[in-house]
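Colleague: sequence? don't have it. structure:
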DNA sequence: GTCTATATGGTGATAGAC
DNA sequence: GTCTATCACCATATAGAC
């Protein structure tokens, strides 16, 4: 009864634990500042287990990077999937950011660490660009659709608008993390609403 | 004739060289990935010179951080100083970003590295927040003034508008660095113009 | 102030027992 | 697959000559 895991499952579980431990430590101390031993130790193993599951530290970092990118992509698609109205989208976005706010420091620092690592490792670099472009494309569709619904002519190339919104989201999270004072969970959504309102001004009947 | 430097100047020169070498290496390999020996070597010295001028690596990083922050502050103030019109401001900003674009990779990565370092060292953390707030305050004044000049009512709290513009600038540089394709030197200024136009729409006579 | 030499300790990665 | 033991290497920081 104690053991109901196949060998593959057990191995997968160990890898998962090592990856999770590494994610924590990378956020705390940086990729370069974290030793293999620390990773193994926090996951509840020794170095032997680490090298039994990963070729070397580099392989683990790349896998962590790919894993995070895949999860982010899933979340974004789930967020956009089957959304009815712009208001519903905003509601979902708001909830998403409330949730994210709870892990903002770890998330932000880990992403920065992994990005820097990827930038220095040509083989991993494509991973960073792909996610950004995907998000931008989704945004572009959403923005165009909503502006059309409001009967507003886009004030610039929709691709540019999407870039702006995307960059703004990034930048706001950075600011929020560096100086949390006075920046609440809703900044990103509030800013998005403001921009959409500005960009569709003149198309709506004034109250 | 060969030596016209006082002792203090000579010392200062060595410190400067070590700091400059460290800045390069930190961008290339990360703060943690750079050894004291590499710094000394690139600056044209050996470790002895390093420890003769800095207590340890930590002291050098903190000084580099403070130096960069001070320069950034100078540049921003110079940019805003004695500016006549919004158009002139945009022209200056454009030139500034063209110049910055030439060193974008190093600048961006070094800033990320130093920020991460500061976040993990409580004594250095205040340094990061201060610069951000200063920039935001300057922006707020400029935005308010320009909107007033155009006879437009700010579409939201000016502090919020400044936060948006500030965050947008940050985010755009990140995007531009990660995926340079199709993002030119002028993005930031173009985006700023678009926002200001959107926010002052309705106040101007239509053509 | 800058050098060389050295003390001391941590690191990634391997070998081989279980 | 996970362990312990071990290797070769590189790090920070110090000591003492010049």
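Modeller: Cool, the structure landed. Not measured: the values here are computed from a predicted model. Numbering: from 1, shown residues only, chains lettered A, B, ... in the order given.
Colleague: domain parsing for chain A?
Modeller: For chain A, automatic domain parsing gives the domain ranges A:7-54, A:64-199.
Colleague: how about those in CSV, adding mean neighbour count, distance to DNA strand C and mean pLDDT?
Modeller: All C-beta spots, glycine's among them, are computed from the backbone N, C-alpha and C. Shown next, in CSV, are the domains of chain A (neighbours: other Cβ atoms under 10 Å in any protein chain shown; distance: least, Cβ to the nearest atom of the strand, whole Å; pLDDT from 0 to 100):
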stretch, mean neighbour count, distance to DNA strand C, mean pLDDT
domain A:7-54, 17, 3, 94
domain A:64-199, 17, 13, 95
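Colleague: spatially nearest residue to the residue nearest the centre of chain A (excluding sequence neighbours)?
Modeller: Chain A has residue A:72 as the residue nearest its centroid, 4.5 Å off, counting by Cα atoms, centre = their mean. Excluding its sequence neighbours, the residue lying closest to residue A:72 (Cβ to Cβ, 6 or more residues apart in numbering or on different chains) is residue A:131, at 5.8 Å.
Colleague: give me the pLDDT value at residue A:1.
Modeller: With respect to pLDDT, residue A:1 scores 46.
Colleague: ok, residue A:206 next?
Modeller: pLDDT recorded at residue A:206 is 44.
Colleague: ranges for the helices of chain A?
Modeller: A:7-29, A:36-43, A:47-53, A:57-80, A:86-101, A:104-119, A:125-149, A:158-178, A:187-199 (DSSP state H).
Colleague: tell me which of those helices lies nearest to residue B:39.
Modeller: Distance to residue B:39, taken as Cβ to Cβ, is lowest for helix A:104-119 among the helices of chain A, at 18.6 Å.
Colleague: how about the helices of chain A in CSV, adding distance to residue B:155?
Modeller: Converted to CSV, the helices of chain A look like this (distance: least, Cβ to Cβ, whole Å):
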stretch, distance to residue B:155
helix A:7-29, 37
helix A:36-43, 48
helix A:47-53, 54
helix A:57-80, 26
helix A:86-101, 17
helix A:104-119, 27
helix A:125-149, 17
helix A:158-178, 15
helix A:187-199, 6
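Colleague: mind checking these for the one nearest to DNA strand D?
Modeller: helix A:47-53 (1.7 Å; Cβ to the nearest atom of the strand).
Colleague: which helices and strands does the closest one pack with?
Modeller: Packing contacts for helix A:47-53, counted by 3 or more Cβ pairs under 8 Å, 6 or more residues apart in numbering or on different chains; DSSP states H and E, involve helix A:7-29, helix A:36-43.
Colleague: re the thing from before, so who does the residue nearest to residue A:72 touch?
Modeller: Counting by Cβ atoms under 8 Å, 6 or more residues apart in numbering or on different chains, residue A:131 makes contact with A:69, A:72, A:73.
Colleague: and of these, the nearest to chain B?
Modeller: Distance to chain B, by Cβ to the nearest Cβ, is smallest for residue A:69 among those, at 12.4 Å.
Colleague: nearest to residue B:65, of the helices of chain A?
Modeller: Nearest to residue B:65 among the helices of chain A is helix A:158-178 (13.5 Å), distances taken as Cβ to Cβ.
Colleague: now the closest one, how far from the centre of its chain.
Modeller: Computed by Cα atoms, centre = their mean, to the nearest Å, the chain-centroid distance of helix A:158-178 equals 13 Å.
Colleague: that helix and chain B in contact?
Modeller: Yes - using Cβ under 8 Å from any Cβ of the partner chain, we find that helix A:158-178 touches chain B at A:159-160, A:163-164, A:166-172, A:174-175, A:178.
Colleague: also stretch A:17-27?
Modeller: No - using Cβ under 8 Å from any Cβ, stretch A:17-27 stays clear of chain B, coming no nearer than 9.8 Å.
Colleague: got a list of contacts for that stretch?
Modeller: Stretch A:17-27 is touched from outside by A:34, A:38-40, A:42-45, A:49-50, A:53-54, A:60-61, A:63-64, A:67-68, A:105-106, A:109-110, A:113-114, with contacts defined as Cβ under 8 Å, 6+ apart.
Colleague: can you check stretch A:38-58 too?
Modeller: If you take Cβ under 8 Å, 6+ apart as the criterion, stretch A:38-58 is touched by A:11, A:14-15, A:17-18, A:20-22, A:24-25, A:29, A:36-37, A:60, A:63, A:121.
Colleague: among the residues you listed, which pair sits farthest apart?
Modeller: Farthest pair in these, by Cβ to Cβ: A:11 and A:29, 26.6 Å.
Colleague: dump the helices and strands packed on helix A:47-53 into a markdown table; add distance to DNA strand D as well.
Modeller: Output for the helices and strands packed on helix A:47-53, formatted as a markdown table (distance: least, Cβ to the nearest atom of the strand, whole Å):
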| stretch | distance to DNA strand D |
| --- | --- |
| helix A:7-29 | 4 |
| helix A:36-43 | 7 |
